[in-house]
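> Take this sequence and fold it.
(one chain, ligands or ions: 2)
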Amino acid sequence: SKTPITVAYGDGIGPEIMEAVLRILEAGGAQVAPEVIEIGESVYLRGASSGIEESAWESLRRTRVFLKAPITTPQGGGYKSLNVTVRKTLGLYANVRPVQSYEPFVTTKHKSIDLVIVRENEEDLYAGIEHQQTDEVVQCLKLISRPGTERIVRYAFEFARRNGRRKVTCITKDNIMKLTDGLFHRVFDEIGQEYPELQKEHMIVDIGAARLAEMPERFDVILAPNLYGDILSDIAAEVAGSVGLAGSANVGDGVAMFEAVHGSAPDIAGKGVANPSGLLQGAVLMLVHIGQPEAAARIKNAWLKTLEDGIHTPDIYDERVSERKVGTQEFAQAVIERLGQE
Ligand code: NAI
Ligand code: MG
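Ligands and ions are numbered 1, 2, ... in the order given. Reported below is the predicted structural model:
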């Protein structure tokens, strides 16, 4: 029987890449029954101030599996980020973002990147505690709690252990934010003692980001508070070839949301050129999560074979002469044709 999943097509390039991904899932034999919900700007304009209607929450609470295309969030005003609302309401405390290089199919200076960013997903400056202090001063509070930190730190170490990873690098700025980032670092050191087989290291975020850009191969699991994790994962994905390649799992207790790392890319929306790979990677993580690892492997292999054959959306740089640039749906078709071929 098919597993019900909740699906949102999102904004910008969202509908194009979601269509491509759902076609691939269906052709790849994924046993899922998508329930489509609408979230975002259109819903907000209809009067739901959170941008999500009760019927959508009902679906999410029932399926507890959410495949979400990127949504546009107004900058510097307007309604609150729906991503943040969904993560907080469903308690999706861990954001897991694997990044790999796909040499020689995607050209990058870094041929053997294989890292996973584990980002705390509910606290930090993302908690959205902002206010107007005086006419001329505004403030944003950085929230780090011991229970929230213990949960994400333990998640990162358990993830490393479960997946045969060797090292966990914790990234903070505790030389400056001694209390908040200091707590995060201290909890990392404390809980790390329970994992003697894993290497532990700590880096300050500025040099950590610089090393990630220059020597991404040296990282294995990276653990970071919310904002640094957000920034570091775009750096890692871009260094590995394109932000269009990376997917992520937002994990809570018995509930999870899967998405691309990137946003709604309004600059290329409607042009049919967006790379569906990031959302597809999210969908592959989802299939593993719902107990369909065979379909996940079949789809991932067909996707790899497509890259191997030099078929790419235009955001990917591939220096091989055999390369062929295609649009979103043509790329999806190429993946579908390679299912079961490897
Ligand atoms: P973005 O990630 O949407 O785009 C950055 C650049 O990467 C653009 O040049 C875009 O064309 C390119 N790009 C992104 N995804 C691509 C893909 N799949 N294929 C090819 N090229 C791709 O970041 P931006 O422009 O800062 O944000 C746009 C909107 O997305 C904002 O409203 C932002 O709030 C929202 N956003 C939503 C996220 C989500 O729903 N999880 C995450 C990040 C941003
Ligand atoms: Mg981001």
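
> where does the stretch 51-200 of the chain come near ligand 1, residue by residue?
Within reach of ligand 1 by CB under 6 Å from any ligand atom, the stretch 51-200 of the chain has these residues: 70-73, 83. All C-beta spots, glycine's among them, are computed from the backbone N, C-alpha and C.

> can those go into CSV with extra columns for secondary structure, pLDDT and neighbour count?
Converted to CSV, these look like this (DSSP: H, G, I helix; E, B strand; the rest coil; pLDDT from 0 to 100; neighbours: other CB atoms under 10 Å):
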residue, secondary structure, pLDDT, neighbour count
70, coil, 94, 25
71, coil, 91, 22
72, coil, 88, 19
73, coil, 85, 18
83, helix, 85, 20
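
> Sketch out the strands for the stretch 1-150 of the chain, chain order is fine.
3-8, 32-37, 65-68, 94-100, 114-120, 130-132, 138-140 (DSSP state E, counting those that start in this stretch).

> Identify whichever of those strands lies nearest to residue 224.
strand 114-120 (5.7 Å; CB to CB).

> shaky segments in the protein?
342 (pLDDT under 70).

> Can you add mean neighbour count and give the strands of the stretch 1-150 of the chain back as TSV?
Listed next are the strands of the stretch 1-150 of the chain as TSV, based on neighbours: other CB atoms under 10 Å:
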stretch	mean neighbour count
strand 3-8	21
strand 32-37	17
strand 65-68	23
strand 94-100	23
strand 114-120	24
strand 130-132	9
strand 138-140	11
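
> Out of those strands, flag the one nearest residue 245.
Closest among these, once you apply CB to CB, is strand 94-100, at 8.1 Å.

> quick revisit: between the strands of the stretch 1-150 of the chain, which gets nearest to residue 219?
strand 114-120 (4.4 Å).

> got the residues of the stretch 201-342 of the chain near ligand 1?
Looking at ligand 1, the residues of the stretch 201-342 of the chain close enough under CB under 6 Å from any ligand atom are 243-244, 259, 262-268, 274-275, 278, 313, 315.

> quick one on the thing from earlier: export the strands of the stretch 1-150 of the chain to TSV and append columns for distance to residue 304.
Output for the strands of the stretch 1-150 of the chain, formatted as TSV (distance: least, CB to CB, whole Å):
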stretch	distance to residue 304
strand 3-8	24
strand 32-37	21
strand 65-68	21
strand 94-100	10
strand 114-120	14
strand 130-132	43
strand 138-140	42
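
> Need the residues that contact stretch 193-211.
157, 160-161, 165-175, 185, 188-189, 192, 218-219, 222, 224, 228, 231-232, 235 (CB atoms under 8 Å, 6 or more residues apart in numbering).

> Sorry, slip of the keys, the one I care about is stretch 110-117.
Contacts for stretch 110-117 (CB under 8 Å, 6+ apart): 95-101, 103, 159, 163, 165, 216-217, 219-222, 224, 229, 232-233, 236, 239-240.

> which SS class is the residue in the stretch 201-342 of the chain that ligand 1 sits nearest to?
Nearest residue of the stretch 201-342 of the chain to ligand 1: residue 263, at 2.4 Å (CB to the nearest ligand atom). Under DSSP: H, G, I helix; E, B strand; the rest coil, residue 263 falls in the coil class.

> The closest residue to it other than its chain neighbours and residue 59, how far apart?
The spatially closest residue to residue 263, leaving aside those adjacent along the chain, is residue 70, at 4.9 Å (CB to CB, 6 or more residues apart in numbering). Distance, residue 70 to residue 59, using CB to CB, to the nearest Å: 19 Å.

> With residue 243 instead?
Note on residue 243: its distance to residue 59, by CB to CB, is 29 Å.

> Residue 319 now?
From residue 319 to residue 59 the distance is 45 Å (CB to CB).

> The two: which is more packed in?
residue 59 (19 against 8; other CB atoms under 10 Å).

> pretty sure the more buried one is touching residue 33, no?
No - assessed by CB atoms under 8 Å, residue 59 is found out of contact with residue 33, at 11.5 Å.

> Flag every buried residue along the host helix or strand of residue 282.
Per DSSP states H and E: residue 282 is located in helix 277-289. Neighbour counts using 16 or more other CB atoms under 10 Å place 277-287, 289 of helix 277-289 among the buried residues.
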